[in-house]
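Q: after the sequence you'll find the predicted model.
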There are 2 protein chains.
Amino acid sequence: MRNIGVDADRLWAATMQMGEIGATAKGGCHRLALTDEDRRARDLFGDWMRAAGCVVTVDAIGNIFARREGADPSLPPVMVGSHLDTVPMGGKFDGPAGVMAGVELVRALNDHGVRTKAPVEIVAWTNEEGSRFSPFTMGSSVFAGQLELKDAHAARDITDPLHGPTVGEALGAIGYQGDAPVGGRRPACYLEMHIEQGPHMADEDLQVGIVTGSFQSRYFVATITGEQAHVGPTPMAGRRDALVITSRLVLEIDRIGRAYGADGRSNAPHIELFPNVRGVIPGVVKLSCDVRHSDARQLQRMEEELRACAAIVARESRATIELERYYEFGPIHFHPDMVALLRRTTAELGYRHRDILTVAGHDAVPLNTICPSGMVFVASRAGGISHNEKESSTRDDLAAGANVLLHAVLARAGVVD
Amino acid sequence: MRNIGVDADRLWAATMQMGEIGATAKGGCHRLALTDEDRRARDLFGDWMRAAGCVVTVDAIGNIFARREGADPSLPPVMVGSHLDTVPMGGKFDGPAGVMAGVELVRALNDHGVRTKAPVEIVAWTNEEGSRFSPFTMGSSVFAGQLELKDAHAARDITDPLHGPTVGEALGAIGYQGDAPVGGRRPACYLEMHIEQGPHMADEDLQVGIVTGSFQSRYFVATITGEQAHVGPTPMAGRRDALVITSRLVLEIDRIGRAYGADGRSNAPHIELFPNVRGVIPGVVKLSCDVRHSDARQLQRMEEELRACAAIVARESRATIELERYYEFGPIHFHPDMVALLRRTTAELGYRHRDILTVAGHDAVPLNTICPSGMVFVASRAGGISHNEKESSTRDDLAAGANVLLHAVLARAGVVD
């Protein structure tokens, strides 16, 4: 099986064709979960997989499974997947490239007439990004039993809180609330290719990153309560302007991330003002924020510093700041068997590689709780920028990652001679 | 006519009854322009005025005119008015108290069987606050010929930009797009009572403030462009987070207001992030901001300082900040005849008073461009807080202001013996 390989041009063409759905002026992709663009991307994926001889099923949270049957259908499947949704004005690679690696992998197996012992399933998970519906990695989390289906269905569109649908309503509207039950089965293993989303691999001229695990992240909503008042007659001295107070906190959050070395991260990307109108000093602000680090002790210190800064800002501003931790993520460690398999496969194929940690969540994270899971990164060009229209990768980058997946799948699914 | 006066209890009861429409849990009022609450407030005002013998007409921007005919209908009317809309979670006095002073004034004239020579019109102007539709003082500005009717009709709901109606649509929905043409006539004069919205009158134990003019205000939209990127893998050092950059600017804006003495004001009350989702460093922020001062030279320096700070923040953050001035207000000087009349009337009635400037816009400002206009303030309790549920005034505060208006109206409209 050493001479089998993916068709790099076909993989690139598929990725570009998929990227046309929701394409933006600057070469990116705007395809939020469960929108009509997402539906069209799902339709295209399903069409391609059926054309490749797969049986396509959709579960109740909208995850799409394209099954290439194995010689022994009773064996648990080897799964390969990622997501088709993007962030607003995002790139063409974050998510879709991993699904396209799965599409190409099946086409390559067909080209070479390879029959695997275990079934192979290519999966497109619902709402990995969490941009439109919270939480992120929604479909894979329900599949892995980490999130209740009813809670996922009840999540409401956060980009349109006044009129937007719930996940359940949006699934119905695009025709992707399937009949299959969600989860309740353990794949043999799960493999995912993803663009790095950072600069390191390109900087070091690497082809494949073996993702051994993740940073640890803690997510908070800060509620900053000042005092609503008139913008005009209210003297400056008496004010407790919730946006001014929030601005102090945002700068502290940004400072904290920079104070903990190269692996420190901190963010405050989402804000809601009340009332957010021109004539009124805002009284209340809700700010989503997070701290991340590769080292658990450092992360703990970051959270403590965040809490201390919030208390100081609140006291100095005569305001209250409540900090509610709504989510925690990692540190996760991908299954050692999968890490070893991906390292070995990559080395045998001769790709320049090293181990790497992910700073972001991925569908492989919830999957790792129910079956041995592993990830490879491919290089992110344009300085590693991601969640941006400029996000970029190359034909050869994608082919390297997809080839590693192909050979890892053959090793795990087994081949009928 | 010296022994005629308003009924303080009736005025207070009307103000409280009007405040029930959109009443909030903490004693405030939430009645945004052209909502169903606004419709109910308009209906109540119209019912009351018809019951008091007035002819009620509505113009094409929804301004409501309740006319008490004069002995000589050919004379231009003496107008008294204010607005019924409030900011989100506002108070019961800002706006409605001025309209209720007009209602009570007509009732008092009826009680005493007074027949005026000139007609008296009580007006409820559309969308003074500008919280839901921009610009503020919309109805009075169209009436005064300072804003085109078609531009006002085209303004879209800024609290619900995805699905909200235009002013024209919202007027139609609540049945208040009237048949009367807007403006095209000059009242004999215009008078308005308003709550001070600041602490000075209460602090100085004053009953009536004679508003001689206004502060000067300049309004801007700052567009802060950084770089959209992933919140996780993007190293802190390379970031150009538009909210972090905006936070620096907000603190500079707040500092500027404090640096120009007791009359300095600065605000940044309204913000829009793109994309404003949890997984993405914001790339662009639009921030509405303003500077205000009683002294034109100081205001000019404030604007220059704002522009200099924006340039420094942009350069230090490797970002761009565009500052577009979208509106300018004042300094206005109310007509000297009206200021003199209101001073004299207040003195004759024996109220403790002084001259005062307004820091906010009011419907009397556009009216002053087409006819002699004047305003009185009544004391604002609870530390002068306004645009807040806690905004408060008293029965005696309102009665004092309404009595001044009543006697000023008699002086200007003339009485038939």
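A: Noted; the coordinates are in hand.
Q: could you write out the alpha-carbon coordinates of stretch A:28-40 in CSV?
A: Coordinates of the C-alpha atoms in stretch A:28-40 are reproduced here as CSV (Å, rounded to 0.1, in the frame of the first residue of the first chain):
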residue,chain,number,x,y,z
GLY,A,28,-12.3,34.2,2.0
CYS,A,29,-15.5,32.4,3.0
HIS,A,30,-18.5,33.5,5.0
ARG,A,31,-20.6,30.4,5.7
LEU,A,32,-22.1,30.4,9.2
ALA,A,33,-23.6,27.3,10.6
LEU,A,34,-27.1,26.3,9.4
THR,A,35,-27.4,29.1,6.9
ASP,A,36,-28.4,28.6,3.3
GLU,A,37,-24.7,28.6,2.4
ASP,A,38,-24.1,25.8,4.9
ARG,A,39,-27.0,23.9,3.4
ARG,A,40,-25.4,24.2,-0.1
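Q: how is chain A carved up into domains?
A: A:8-214+A:331-413, A:216-329 (automatic domain parsing).
Q: in CSV, list these along with mean neighbour count.
A: For the C-beta atoms, the positions are set from N, CA and C on the backbone; glycine is no exception. Formatted as CSV, those follow (neighbours: other CB atoms under 10 Å in any protein chain shown):
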stretch, mean neighbour count
domain A:8-214+A:331-413, 21
domain A:216-329, 21
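Q: make TSV out of those domains and add distance to residue B:135.
A: As requested, the domains of chain A are exported to TSV (distance: least, CB to CB, whole Å):
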stretch	distance to residue B:135
domain A:8-214+A:331-413	23
domain A:216-329	9
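Q: for residue B:296, which of the ones you listed is the nearest?
A: Distance to residue B:296, taken as CB to CB, is lowest for domain A:216-329 among the domains of chain A, at 16.7 Å.
Q: how far does that closest one sit from its chain's centre?
A: Computed by CA atoms, centre = their mean, to the nearest Å, the chain-centroid distance of domain A:216-329 equals 25 Å.
Q: tell me the contacts of the closest residue to chain B within the stretch 1-150 of chain A?
A: Ranked by CB to the nearest CB, the top residue of the stretch 1-150 of chain A for proximity to chain B is residue A:88, at 3.7 Å. With contacts taken as CB atoms under 8 Å, 6 or more residues apart in numbering or on different chains, residue A:88 has the following neighbours: A:30, A:32, A:131, A:159, B:274, B:275, B:277, B:280.
Q: pipe the domains of chain A into TSV and attach mean pLDDT per row.
A: Below are the domains of chain A laid out as TSV (pLDDT from 0 to 100):
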stretch	mean pLDDT
domain A:8-214+A:331-413	97
domain A:216-329	97
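Q: which residues of chain A fall in strands?
A: Counting by DSSP state E, chain A has strands at residues A:55-58, A:64-68, A:78-83, A:120-125, A:189-195, A:208-214, A:216-225, A:229-230, A:265-274, A:280-281, A:284-293, A:320-329, A:353-358, A:373-378.
Q: anything in the fourth one near chain B?
A: No: Strand A:120-125 stays out of contact with chain B when judged by CB under 8 Å from any CB of the partner chain, the minimum separation being 15.1 Å.
Q: and that strand, which strands flank it?
A: Partners of strand A:120-125 in the sheet, by DSSP bridges, are strand A:64-68 (antiparallel), strand A:78-83 (parallel).
Q: what does the first one give?
A: Strand partners for strand A:55-58, identified by DSSP bridges, are recorded as strand A:64-68 (antiparallel).
Q: hmm, who's touching the strand it pairs with?
A: So strand A:64-68 is in contact with A:42, A:45-46, A:49-50, A:52-59, A:77, A:102, A:106, A:109, A:116, A:119-124, A:176, A:178, A:180, going by CB under 8 Å, 6+ apart.
Q: in a markdown table, list the strands paired with strand A:120-125 along with distance to residue B:141.
A: Below are the strands paired with strand A:120-125 laid out as a markdown table (distance: least, CB to CB, whole Å):
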| stretch | distance to residue B:141 |
| --- | --- |
| strand A:64-68 | 55 |
| strand A:78-83 | 50 |
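Q: can you tell me which of these comes nearest to residue A:386?
A: Among these, strand A:78-83 sits nearest to residue A:386 (CB to CB), with 13.8 Å.
Q: quick one: the closest one to strand A:373-378, angle?
A: With axes from the mean of the first three to the mean of the last three CA atoms, to 10 degrees as the basis, strand A:78-83 and strand A:373-378 are set at 50 degrees to each other.
Q: noted, bye for now.
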